[in-house]
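Novice: Coordinates for the following, if possible.
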Amino acid sequence: MYNRSNMALGPHPEFSWSSSRARTFRYCKRQYWFQYYGHWNGWEDRAPERTRTVYRLKQLQSLATWAGSSVHRGVSILLSTDRPVADVVDEIHQQMRREYLSSVRRVFQQPRRAKSFGLDVHEYDQDLPKERFARMWERVEECLKTFPDLPYQAACRQARAAGSFVHVEDPDERDFDAKRFRWDEIGDFPIYAIPDMAYQRPDGRVEILDWKTGREPTNRPKDEPTLQLVLYARFLKAKYPDLPAIHDFEVAEVYLPSGQRYGAPLDEAHLERATRAVAESVDSMRGLLDDPVRNVATEDRFGLIEDRRGCRWCVFRAVCPAWPGDDGVAGEGG
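Specialist: Residues are numbered from 1 along each chain as shown. Predicted structure coming up:
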């Protein structure tokens, strides 16, 4: 369970920003509302049933997200310990088996168990062949077994031996304060961004890496840092002021298992574009609020996605008026 003492509890959530939050807002504003507002206080027994349902749905994972998070956990272990890769692969496999059984048994649907592991396919009673789960595991296994062939474990060990800066994300970290920082140019609210790995190279530059397990992008240059990568640099510089200037940072997405890199050294143009993009995103989000000071958001102000084909992948379709009922007609509202 997460530590609620680290959260600003009250009638409304605290406004914050992250690149994933921005992506959800661009994709579907109603999904954004469910994810960041509609669930609020849904952990309370006295909360309305729909709110409790939204809170439960918010915790669910897709198969792709589950596979990615399992790879991240295994890579984190490999970077943080000297354990043989076979042992780590076995540990991740056993953990995924336990998670799968918990989800199949619908433990997450039991009273006060919403935070238990759950897959959206089981919430919506989707009949998937065992072969699909087997293929997913094979992908996870391949990513973990081939990771030692990449240069990052050696770079991590070398940096530690030299007493240089090393950061490896703990995927199970539940301290929200450890994952956020303030960006005064943007506003007085927390921004969430924590890289998977970062270390200081022998030449003094800081390298920031973000593991990816999906398909490699085809619609952007390999030497163009994403907004998320720039935020990682901002995060680390805010947390560790003694690090070199951000212009001495190099950032990259690393696609597993191939090891293909997408990124580049940061320059002033990257930083300026990121600042504008975050400021514009924040303005758009706050523009839909009833009360930006108290962060009050009414559901109907957050419109439904136009292309409803994407709704079939949304974990909130059970409560969303955009999702068609048994007769194929979308529900009322919105």
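
Novice: Quick check: the gap between residue 215 and residue 258.
Specialist: Separation of residue 215 from residue 258 (C-beta to C-beta, to the nearest Å): 11 Å. C-beta coordinates here come from the backbone N, C-alpha and C atoms, glycine included.

Novice: of those two, who's got more company?
Specialist: residue 258 (11 against 7; other C-beta atoms under 10 Å).

Novice: Show the contacting residues for that one.
Specialist: The neighbours of residue 258, taking C-beta atoms under 8 Å, 6 or more residues apart in numbering as the test, are residue 216.

Novice: Check whether it sits in a helix, strand or coil.
Specialist: coil (DSSP: H, G, I helix; E, B strand; the rest coil).

Novice: What values do phi and psi take at it?
Specialist: Taking degrees, to the nearest 10, you get phi -70, psi -30 for the backbone angles of residue 258.

Novice: Check what pLDDT it gets.
Specialist: At residue 258, the predicted lDDT confidence score is 96.

Novice: Equivalent analysis for residue 333, please.
Specialist: pLDDT, residue 333: 38.

Novice: And for residue 121?
Specialist: What the model reports for residue 121 is a pLDDT of 95.

Novice: Where do the helices of the chain begin and end?
Specialist: With DSSP state H as the criterion, the chain has helices at 19-27, 29-33, 49-58, 63-80, 85-104, 120-123, 130-146, 152-161, 227-239, 268-287.

Novice: list the buried ones in the shortest one?
Specialist: It stands for helix 120-123. Neighbour counts over helix 120-123 (16 or more other C-beta atoms under 10 Å) mark 120, 121, 122, 123 as buried.

Novice: and if you look at the last one?
Specialist: Of the residues in helix 268-287, those buried under the neighbour-count criterion (16+ other C-beta under 10 Å) are 270, 271, 274, 278, 281, 282, 285, 286.

Novice: just the angle between it and helix 227-239, please?
Specialist: 100 degrees (axes from the mean of the first three to the mean of the last three C-alpha atoms, to 10 degrees).

Novice: Which other helices and strands does helix 268-287 contact?
Specialist: If you count contacts as 3 or more C-beta pairs under 8 Å, 6 or more residues apart in numbering; DSSP states H and E, helix 268-287 packs onto helix 19-27, helix 227-239.

Novice: Residues in contact with it: which ones?
Specialist: Against helix 268-287 from outside (C-beta under 8 Å, 6+ apart): 15, 17, 21-22, 25, 32, 183, 185-187, 191, 225, 227, 230-231, 234, 246-247, 264, 292.

Novice: Give me the buried subset of the residues you listed.
Specialist: Among the contacts of helix 268-287, those buried by neighbour count (16+ other C-beta under 10 Å) are 15, 17, 21-22, 25, 32, 183, 186-187, 191, 225, 227, 230-231, 234, 246, 264.

Novice: Could you check how many residues crowd around the nearest residue to residue 122 once chain neighbours are set aside?
Specialist: Spatially, and ignoring its direct neighbours in sequence, residue 122 is nearest to residue 103 (4.8 Å; C-beta to C-beta, 6 or more residues apart in numbering). Residue 103: 22 surrounding residues under other C-beta under 10 Å.

Novice: ok, residue 103 to residue 124 distance?
Specialist: For residue 103, the distance to residue 124 equals 12 Å [C-beta to C-beta].
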